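S.K.: coords please:
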Amino acid sequence: MNKENVIILGSGPAGLTAGLYLARAGFKPLLIEGSRPGGWLTTTTIVENYPGFPDGVDGFELIMKMRQQAEKYGCRIVSDVAKEVNIENGEVKIIGQNDEYLSKALIISTGTNPRKLGVEGEEKFWGKGVAVCATCDGAFLKDKKVIVVGSGNTALVDAFFLTKFTSEIKVLNRKDKFNAEKIRIKELYDNKDIEILEFTEIKKFLGNSKLEKVELFNNKTNKTEEVDVDGVFLAVGHIPNTKLFKDKLELTEKGYIKVDLGSTKTSQNGIFACGDVMDSKYQQAVVSAGTGCMAALDVQNYLDFLR
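M.R.: You can find the predicted model right below:
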């Protein structure tokens with residue numbers, strides 16, 4: 001087993017940017033792409049706020065261009081998923097599903113997973129009417145009744161996307177204010193195909209073999225009602241993918257990897273973190289790419305110091 005200079009866990013914008021910078025600097029990085037190659041950006045049909053694309057760009061296409069660029073300069077990408085990470089005496093050992101790897105340094109860019117509601121029927125109907133990716137499954141709900149749960153940009157973008165297929169869309173917000181960009185909020189209230197339900201939560205998912213109804217709860221009036229629905233898309237935040245690093249790295253109260261101020265250094269020497277797994281605030285592709293660059297430069301300094 002050869003010892004790598006640096007291994008990158010994760011293949012979203014942060015990991016691929018780190019791979020590009022390290023490859024161009026001659027460090028021959030190895031990137032393990034993980035269980036969702038390219039990350040969640042690959043499920044986004046159109047990205048309108050990534051610099052350099054005035055007409056927007058398909059999320060999958062953007063990731064593929066990043067990947068091609070990283071590989072062009074020598075970043076090696078392997079299809080594997082890390083199952084265990086051991087950090088000891090300045091050495092990192094990664095046990096994957098397919099192989100084992102050794103490295104002098106590690107960049108963690110494992111991203112996040114969508115948060116669930118944790119209510120009755122959610123697991124039963126997961127994939128049978130309950131989902132998190134409107135761009136993946138929206139086409140299956142042509143002329144159907146659809147609900148989007150959430151108050152941020154993701155929820156609003158999901159709702160707008162679904163108008164391509166149906167005019168029976170409800171957006172549920174636990175409060176009466178949205179945490180999205182002002183321009184998107186205005187578009188939401190101007191859209192006649194979308195009904196906004198404020199102070200409203202889902203308490204139960206109901207049905208037989210597939211989702212048929214939801215029980216809604218108004219947290220202002222304390223009233224409940226059952227509503228017919230064919231599909232529900234959740235956009236209620238994310239959980240960082242840090243399970244592998246519990247008790248090995250210092251984490252924030254929210255479970256994100258804690259890094260030094262103005263740096264990507266973690267609580268362990270030779271271990272760095274970038275992208276959404278260390279960023280609970282911004283959660284943007286361009287920010288992830290920027291922190292990927294930072295991690296690459298931090299690793300270069302670290303490896304140069306070891307020489």
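S.K.: where along the protein do the helices fall?
M.R.: Ranges of helices within the chain are 13-24, 59-72, 134-137, 153-162, 182-190, 285-306, based on DSSP state H.
S.K.: Pull the distance from the fifth one to the chain's centre.
M.R.: When C-alpha coordinates are averaged (Cα atoms, centre = their mean, to the nearest Å), helix 182-190 and its chain have centres 24 Å apart.
S.K.: Please save the CA atoms from it in CSV.
M.R.: The C-alpha trace of helix 182-190 is given here as CSV (Å, rounded to 0.1, in the frame of the first residue of the first chain):
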residue,chain,number,x,y,z
LYS,A,182,-35.7,38.7,-1.5
ILE,A,183,-36.0,38.3,-5.2
ARG,A,184,-37.1,34.6,-4.8
ILE,A,185,-39.6,35.5,-2.1
LYS,A,186,-41.2,38.1,-4.4
GLU,A,187,-41.3,35.5,-7.2
LEU,A,188,-43.0,33.1,-4.8
TYR,A,189,-45.8,35.5,-3.8
ASP,A,190,-46.3,36.5,-7.4
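S.K.: what comes up buried for that helix?
M.R.: 184-185, 187-188 (16 or more other Cβ atoms under 10 Å). Heads up, the C-betas are built off the backbone N, CA and C, glycines and all.
S.K.: what's the closest non-adjacent residue to Thr291?
M.R.: Nearest residue to Thr291, sequence neighbours excluded (Cβ to Cβ, 6 or more residues apart in numbering): Cys274, at 3.9 Å.
S.K.: and the one you found, how many neighbours?
M.R.: Residues contacting Cys274 under the criterion other Cβ atoms under 10 Å number 32.
S.K.: The nearest residue to Phe53 once chain neighbours are set aside: how many residues sit nearby?
M.R.: Nearest non-adjacent residue to Phe53, counting by Cβ to Cβ, 6+ apart: Val47, 7.1 Å away. Here the number of neighbours of Val47 (other Cβ under 10 Å) works out to 19.
S.K.: Also Val85?
M.R.: Neighbours around Val85, by other Cβ under 10 Å: 20.
S.K.: Could you do Glu181 as well?
M.R.: Here the number of neighbours of Glu181 (other Cβ under 10 Å) works out to 14.
S.K.: I'd like to know how far it sits from Val287.
M.R.: From Glu181 over to Val287 the distance is 15 Å, taken as Cβ to Cβ, to the nearest Å.
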